[in-house]
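Student: quick one: sequence plus predicted model below, questions after.
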Amino acid sequence: MQQGIHLLGSDFFEQKTLKVARNLLGKQLSFNGMKAIITEVEAYIGEEDPACHAAKGKTKRNLIMFGPAGYSYVYMIYGMYHCLNFVTEKEGFPAAVLIRSVVIKGVQSSLLNGPGKLCRYLGITRQHNAMDIISTFFVADLGQKVSCIKTPRIGIKVGTDKLWRFVISSPEN
DNA sequence: ACCCCGATCGTA
DNA sequence: ACGATCGGGGTT
């Protein structure tokens, strides 16, 4: 990788999920030779969060969410799409951040502005579940400061009372 | 074996 | 507003 770029490891992800989510905005993710800036995320936090996949306890699918921070959680949705998440918080506490939108230089935003779309474009599938983030997605802090807005999460029927969606509102100060 | 549902997306 | 499409998870 380039010099001066700091890759985010388990120390970054093993924090409160809302903090991780907010701080993932503006970070760079590298996959299949493409560099994507994260512009929209959502937090899913614990068994008390009805929208979290861990709300009904541990299953084969959501097992990785119960493990230590710093691993990917990729699942298939609606039989056609995949969603990329980064597991957060301490082992035993199931939580993750869903990557909902990214931008890639020179790529139409319409191909990247949705969790299913960005996985399709980047080539992320279930085989990328439970991977070590630092050596698979190379999430990097480029030192870019961004501001953001908070909104309710999208596309869910429960848990819409929480403002757990974070979107970049302006690229720089 | 069967049924229901979904952290989506494209089309209408 | 709606259908595509199929794996996960619970139930019979």
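Tutor: Cool, got the structure.

Student: could you use CA atoms for every contact and neighbour count after this?
Tutor: Noted.

Student: return the helix or strand in chain A with minimum mean pLDDT.
Tutor: Least confident helix or strand, chain A: strand A:165-170 with a mean of 93, by mean pLDDT, DSSP states H and E.

Student: by contact count, what packs against that one?
Tutor: Counting contacts by 3 or more C-alpha pairs under 8 Å, 6 or more residues apart in numbering; DSSP states H and E, strand A:165-170 is packed against strand A:34-45, strand A:147-151.

Student: same list (the ones you listed) but as TSV, adding distance to DNA strand C and mean pLDDT.
Tutor: As requested, the helices and strands packed on strand A:165-170 are exported to TSV (distance: least, C-alpha to the nearest atom of the strand, whole Å; pLDDT from 0 to 100):
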stretch	distance to DNA strand C	mean pLDDT
strand A:34-45	15	98
strand A:147-151	21	98
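
Student: burial count for the residue in chain A that DNA strand C sits nearest to?
Tutor: Among all residues of chain A, A:G79 sits closest to DNA strand C, at 3.1 Å; criterion: C-alpha to the nearest atom of the strand. As a burial measure, A:G79 scores 6 neighbours (other C-alpha atoms under 10 Å).

Student: next: A:N23.
Tutor: Applying other C-alpha under 10 Å, we find 19 other residues in the vicinity of A:N23.

Student: what's the helix or strand for it?
Tutor: Per DSSP states H and E: A:N23 is located in helix A:17-24.

Student: buried residues in that helix?
Tutor: A:T17, A:L18, A:V20, A:A21, A:R22, A:N23, A:L24 (16 or more other C-alpha atoms under 10 Å).

Student: tell me how far the second one lies from DNA strand B.
Tutor: Taking C-alpha to the nearest atom of the strand, to the nearest Å as the measure, A:L18 falls 13 Å from DNA strand B.

Student: quick one: A:S169 and A:I149, what's the gap?
Tutor: 6 Å (C-alpha to C-alpha, to the nearest Å).

Student: how about the residues of chain A by DNA strand C?
Tutor: Proximity of chain A to DNA strand C, by C-alpha under 7 Å from any atom of the strand, involves residues A:K56, A:G57, A:T59, A:K60, A:R61, A:N62, A:M76, A:I77, A:Y78, A:G79, A:M80.

Student: what about burial for these, which qualify?
Tutor: With burial judged by 16+ other C-alpha under 10 Å, the buried subset of the residues of chain A next to DNA strand C is A:N62.

Student: from the residues of chain A next to DNA strand C, which two are the most distant?
Tutor: Distance extremes for the residues of chain A next to DNA strand C: the farthest pair is A:G57 and A:M80 at 24.7 Å, using C-alpha to C-alpha.
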